[in-house]
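Undergrad: Whatever this is, show me its structure:
(chains A and B)
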Number of protein chains: 2
Amino acid sequence: MSSKKSDRRKFLKTSAALAGLAVGGVPVAIGQAPSASGVRDLHAYGERSRFETSIRTGNNGYFGNMRDDLPKPGVRRDIGLRAPLQDSMGIITPASVHYVISHGYEPPAINPMEHRLLVHGMVDHPLTFTMEDLKRLPSVSRVHFIECRANGDPARLERKMPNATAQTTHGFSSCSVWTGVALSTLLKDVGVKSGATWVIAQSTKPDSHTKSIPMAKAMDDVLIAYGQNGEAVRPEHGYPLRLVVPGYEGINNVKWLGMLRAANEPYMDKRETTDYPELRPDGKARWFNSEMGPNSVITFPSGGQQLTGRGYYQIGGLAWSGGGAIRRVEVSIDGGRSWKDAEVQAPVHSKAFTRFGFGWNWNGQETLLQSRSSDERGDRQPTVAEMAKMWNLPVSYYESAPFLIGHFCVIQTWKVLPDGSVQNALFT
Amino acid sequence: MSSKKSDRRKFLKTSAALAGLAVGGVPVAIGQAPSASGVRDLHAYGERSRFETSIRTGNNGYFGNMRDDLPKPGVRRDIGLRAPLQDSMGIITPASVHYVISHGYEPPAINPMEHRLLVHGMVDHPLTFTMEDLKRLPSVSRVHFIECRANGDPARLERKMPNATAQTTHGFSSCSVWTGVALSTLLKDVGVKSGATWVIAQSTKPDSHTKSIPMAKAMDDVLIAYGQNGEAVRPEHGYPLRLVVPGYEGINNVKWLGMLRAANEPYMDKRETTDYPELRPDGKARWFNSEMGPNSVITFPSGGQQLTGRGYYQIGGLAWSGGGAIRRVEVSIDGGRSWKDAEVQAPVHSKAFTRFGFGWNWNGQETLLQSRSSDERGDRQPTVAEMAKMWNLPVSYYESAPFLIGHFCVIQTWKVLPDGSVQNALFT
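TA: A predicted model of the protein is given here:
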């Protein structure tokens, strides 16, 4: 093992300066190329049926309380598009509809042959990696959700509208199979000096988004991902390289990753000091509160959907937690007065979307449907009242919702009306 | 549980005659629609980077020994496109590049609102299901490979060419997360009569492909899938409904599924009696030999790829078996003289692609790389010589390869040349 490691380090040192040839680039086709054989592009790289119309929806340039980060037309723009969770199947969100939040710029068109990852700072051997260098290293694949801390923000008006869908209420969360190199592998190879307690991750220009990750987390389960759902990470999600920080706020998952720096203090970027810390009513702030709490949402039946009559339905939904694996999901069909265990469906991965199912015979009357999840640490998804109590706030604070405080992972309520239509009923 | 089941059957009986409204159809967007907000379609439904060029490749109208099923131009066509396994990441094949074989017709453009699944034959309650009916039932998601029985066919000239890639040699195999209803759920609901030993599955017109599945298999792990990798099954893969028969030859996985019939004998379709049975040299045929054997292929480094210099590389590849879960993968870097255990990487699913990795320091000399897999039943992937012996044939039979006999899941050999180029070396 030690000789192997030494050889790998030798490779890392010598190859870092080389541009080299691409490995695994354009496939060498045997026989007729698709264009020559008359096979349509539809077959060479397939598309979904024209009857499938599920898309990301959202706003362009407005993000609730991101007041000091307004888009500058023609130069910068903010993109905030939610995933259509009401149409989800299983636990994987297709990359084409995975939620996108981008403060500032259009996703850059990076040529992977020219992309570099610099790893430096408090390390023994600062190195620059090409994409090819990274793909020579041991790779791992893991299923993880990514979620914006503002998911479900009650400060957004539409969160409370009766016609809100699961996309509106929870669509700033998505789940992928991520493939790449464990950050710990890179950090061990460059040799982190003692005293380095943070890893500062930064996007390439023009974004240059910067985020500080605690070293303990960096050495635990953070990935440097070049693959998503079996193919290269898509441009909106960080092509060709994205930091994946399982269970932490979306903003930690730095896209278009170009630099990692080991340091003995956090970077104190504006979003770390001003925008993202929790400002409590007593004026104190809570910084680096990164881990997302236990959450869940019933995706069928959910807001905007239509039941066609009484009878048997399989209630289905998604649960997830930044604290680890989902252990239990309960469903209430009486607005939270009583709860029964739902079936937690395999596979169950840590810090990943987890499917649940619950058999239900609808009697045709108005019904309030709810779900709540618990994770492996025993943390349970709260009601609005429990969330308010945790932050020492009145419930009315969230009903008027001047400003998001805390991760708003409260129990969602869907109201099934006698005509089979389904409405958002968060505050009813 | 019995009352629940009785209610479900009641639902099935009453709802089967109803067309009804779509549940979970076009999402109801809150606020600005993407077109109104100026958000580009790229963001509403994303695409891969233009630097990613991996595609399906293959032939149009030629399938090795499918001599009596030639395409009729203008009316019918055969499509046979292989997946670019050399570019795969993790265990999921993106639907856009999942292999496609279609004997006869273009994938039909089926409107899911009009699609029906008839379940009849030796059952107590014949029923017709709409897509909505099916989505009301309990759903499951499972990861499974699908593989054409002709994958790796040595009768195809390109299988032996030095410039063959992993796509050429193994690309008629792919792996997806399939979501749908367990076939056993439907069969229990319609009530299979005693004496019914087969389920006959048929595509809708114009394909009308028909396949007989043993009842024991049908009640075990067969799925009626409407979802693939988190979204609806793609048109080439059976939209809106595909039978998934884990571990069995691809031809069992009936696309555009329109009919299931319980019967006391197989259908004896032409492909069951003439094309697909194993014709042995002694003139005897082996019918319904459906289960795919243990297989594997090194995807990096593999044919057509280029190493940039000596040093550390992580050899990576895929292993799978129709017999269950992969238990062990071994790698040889000396052409099969000695073997060492590779790391079998999580997650490991039954009858699914499984990733393996093997650290390797290349000394810059010509090297023969091989992998072999073993499944949970202890079956191990054979050499060509072992395969020939099993069928009582000389090895030269496969070298000249007039006609495919058996599932040709033999150990693949890649040759790394001193200049770092990688070649197919199956028969060297």
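
Undergrad: Chain B contacts on the stretch 301-428 of chain A?
TA: A:301, A:303-309, A:311-314, A:316, A:345, A:347, A:349, A:355, A:357, A:359, A:361 (Cβ under 8 Å from any Cβ of the partner chain). C-beta coordinates here come from the backbone N, C-alpha and C atoms, glycine included.

Undergrad: so A:Ile110 touches A:Thr204, yeah?
TA: Yes - A:Ile110 lies in contact with A:Thr204 (Cβ atoms under 8 Å); the separation is 6.9 Å.

Undergrad: what is in contact with these two at once?
TA: A:Trp256 (Cβ atoms under 8 Å, 6 or more residues apart in numbering or on different chains).

Undergrad: So which of the residues of the stretch 301-428 of chain A next to chain B are in strands?
TA: Among those, DSSP state E puts A:311-314, A:316, A:355, A:357, A:359, A:361 in strands.

Undergrad: Would you check which pair of those residues lies furthest apart?
TA: Pairwise distances across those peak at 22.2 Å for A:Gly311 and A:Arg355 (criterion: Cβ to Cβ).

Undergrad: Considering only the stretch 1-150 of chain A, name the residue that lies closest to chain B.
TA: A:Met89 (3.2 Å; Cβ to the nearest Cβ).

Undergrad: Surely that residue and B:Ala225 touch.
TA: No - A:Met89 is beyond contact range of B:Ala225, at 9.3 Å (criterion: Cβ under 8 Å).

Undergrad: what touches both of those two?
TA: Common contacts of A:Met89 and B:Ala225 (Cβ under 8 Å, 6+ apart): B:Thr179.

Undergrad: Just give the closest residue to A:Ala201, not the sequence neighbours.
TA: Excluding the flanking residues, the one nearest A:Ala201 by Cβ to Cβ, 6 or more residues apart in numbering or on different chains is A:Val254, at 4.3 Å.

Undergrad: contacting residues for that neighbour?
TA: A:201-203, A:209-211, A:238, A:242-243.

Undergrad: again, only this time at 10 Å
TA: A:200-204, A:207, A:209-211, A:213, A:224, A:238, A:241-245, A:260 (Cβ atoms under 10 Å, 6 or more residues apart in numbering or on different chains).

Undergrad: Counting only strands, which of those make the cut?
TA: Per DSSP E, the subset of the contacts of A:Val254 in strands is A:200-203, A:210-211, A:213, A:224, A:242-244, A:260.

Undergrad: filter those residues to the buried ones?
TA: A:200-203, A:210-211, A:213, A:224, A:242-244, A:260 (16 or more other Cβ atoms under 10 Å in any protein chain shown).

Undergrad: since we're on A:Arg328, how many residues are nearby?
TA: A count of nearby residues for A:Arg328, using other Cβ atoms under 10 Å in any protein chain shown, gives 17.

Undergrad: element containing it?
TA: If you go by DSSP states H and E, A:Arg328 is part of strand A:326-332.

Undergrad: Okay, angle between that strand and strand A:354-362 too, please.
TA: If you take axes from the mean of the first three to the mean of the last three Cα atoms, to 10 degrees, strand A:326-332 sits at 20 degrees to strand A:354-362.

Undergrad: in strand A:326-332, what's buried?
TA: By 16+ other Cβ under 10 Å, the buried positions in strand A:326-332 come out as A:326-332.

Undergrad: For those, give me JSON lines that also has pLDDT.
TA: Listed next are the buried residues of strand A:326-332 as JSON lines, based on pLDDT from 0 to 100:
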{"residue": "A:Ile326", "pLDDT": "98"}
{"residue": "A:Arg327", "pLDDT": "98"}
{"residue": "A:Arg328", "pLDDT": "98"}
{"residue": "A:Val329", "pLDDT": "98"}
{"residue": "A:Glu330", "pLDDT": "98"}
{"residue": "A:Val331", "pLDDT": "98"}
{"residue": "A:Ser332", "pLDDT": "98"}
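
Undergrad: related to what we said a few turns ago, between A:Gly311 and A:Arg355, which has more neighbouring residues?
TA: Each of A:Gly311 and A:Arg355 has its neighbours counted (other Cβ under 10 Å); A:Arg355 has more, 26 against 20.

Undergrad: pLDDT at that one, what is it?
TA: Predicted confidence (pLDDT) for A:Arg355: 98.

Undergrad: quick one: contacts for the residue lying closest to it once chain neighbours are set aside?
TA: In this structure, A:Arg355 finds its nearest non-sequential neighbour in A:Gln345, 4.2 Å apart by Cβ to Cβ, 6+ apart. Neighbour list for A:Gln345: A:90-91, A:316, A:329, A:354-357, B:138-141 [criterion: Cβ under 10 Å, 6+ apart].

Undergrad: Many thanks, have a good one.
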